[in-house]
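Colleague: Below are the sequence and a predicted model; questions follow.
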Amino acid sequence: MPRIVIADDSPTLRRIVSSVLVAAGHEVVQAEDGVDAVQTVFREQPDAVVMDVQMPRVSGYVATRLLKDDWQTADIPIVLLTSLDAASDRYWGTKTGADGYLTKDFEAPDLTGAVAAVLDRATAARGGRPAVRADPVELSADDVLSKVCDLLDRKLFETSVAAEVTELAATTQGFDDTVRGLLDVVRRFVDFHLAGVLLFEERRAYVGVGHEASQGHLDEFVQRAADSVASAAGAAFEASSVRLHVVDPGGRLGDPDEGPMSTFLSMPLRGHGGRVVGVLALSSSLQSAFSETSLSTLKLLEGPTAIVVDNARRSVAPPVP
């Protein structure tokens, strides 16, 4: 028997929804506001949630975002139940990660159908296997509010990082200026020795020096980055064919006493239409130089960086067919 959590601050609506779902063969657990909803879902590990949007303490939108953000509850389907039915409300509902959306003027078949649909999609996503639930967790109200604050702070950080990159499109001129600005943004969040953008069709590389690095480090960096471009694009890309532009205002490149490259990572840059236009690559002379936080931040930069770089390269010359 599927267990469904119903979260709504209206006792009348909780009673109506409960009676409909119990009649359809579901077990129901009730929650009376957004904080209680999060506590109940973590404790009960239900098969699905029917979540009101306008609730005290924490709205259904925020509660849904919090549940979808946590690995312990992310796979539990959520149907938002609300009196808000503007296009913007539906849009924002989908952006929370909710799996379904139902207005409060529903008929009983609408509700049972919406719950059945999200349960069926969840089962299909698991390949028909039974759901694996995390162990029950007891959260205090303060625990929930702390999770909300952490989530909102992280989302603000993610938005700020993406905005830093997309702003380059309006504040820079030309490809070199754009990439210089991009590497300056990356330097604020990730400590690297070398970082660069390699373009596939143009056979061009733009490398910035963050810390002291040897010529050998640079040579290996370009080779590894060229290999990454070839792998991402599925075509030959020789390092020897690359026109290299190095920005080193501090004169930190070329000291033979500096160590070789020890850590390297790259991300493919997919521009308009998903086409690979190049890679963003970073390296360090230190072992395991890039932390999980750095990798997460770079992942945030991947999408906006690709579009900004693609637009910049198109402004220099038309793309090769």
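Modeller: Cool, got the structure. None of the values given here were measured: they were computed from a predicted structure. Numbers count the residues shown, from 1 in each chain.
Colleague: burial count for L199?
Modeller: Neighbourhood size, L199 [other Cβ atoms under 10 Å]: 23. C-beta coordinates here come from the backbone N, C-alpha and C atoms, glycine included.
Colleague: For the closest residue to it other than its chain neighbours, what is the enclosing helix or strand?
Modeller: Distances taken as Cβ to Cβ, 6 or more residues apart in numbering place G278 nearest to L199, at 4.3 Å, with adjacent residues excluded. Element membership for G278, per DSSP states H and E: strand 276-284.
Colleague: Quick one: mean pLDDT for that strand?
Modeller: Averaged across strand 276-284, pLDDT comes to 91.
Colleague: measure the residue nearest to V179 when sequence neighbours are not counted to R180 for me?
Modeller: Counting by Cβ to Cβ, 6+ apart, V179 lies nearest to Y206, which is 4.4 Å off, once chain neighbours are set aside. Noted for Y206: a distance of 8 Å to R180, by Cβ to Cβ, to the nearest Å.
Colleague: Out of the two, name the residue with the larger neighbour count.
Modeller: In this view Y206 and R180 are compared by other Cβ under 10 Å, and Y206 has more residues nearby, 23 against 16.
Colleague: Hmm, that one is touching G196, no?
Modeller: Yes - under the criterion of Cβ atoms under 8 Å, Y206 makes contact with G196 at 5.7 Å.
Colleague: Which residues are in contact with each of the two?
Modeller: The contact sets of Y206 and G196 overlap at L183 (Cβ atoms under 8 Å, 6 or more residues apart in numbering).
Colleague: which residues are common contacts for Y206 and R180?
Modeller: Counting by Cβ under 8 Å, 6+ apart, the residues touching both Y206 and R180 are V247.
Colleague: residues in contact with S315?
Modeller: Contacts were defined as Cβ under 8 Å, 6+ apart; by that measure S315 touches 174-175.
Colleague: Confirm that the residue nearest to V179 sits in a strand.
Modeller: Yes - according to DSSP: H, G, I helix; E, B strand; the rest coil, the state of Y206 is that of a strand.
Colleague: what bridges to it?
Modeller: According to DSSP bridges, the partner residues bridging Y206 are V197, H245.
Colleague: What does the pLDDT read for L145?
Modeller: Taking L145 on its own, its pLDDT is 93.
Colleague: Distance-wise, check it relative to V58.
Modeller: L145 sits 8 Å away from V58, going by Cβ to Cβ.
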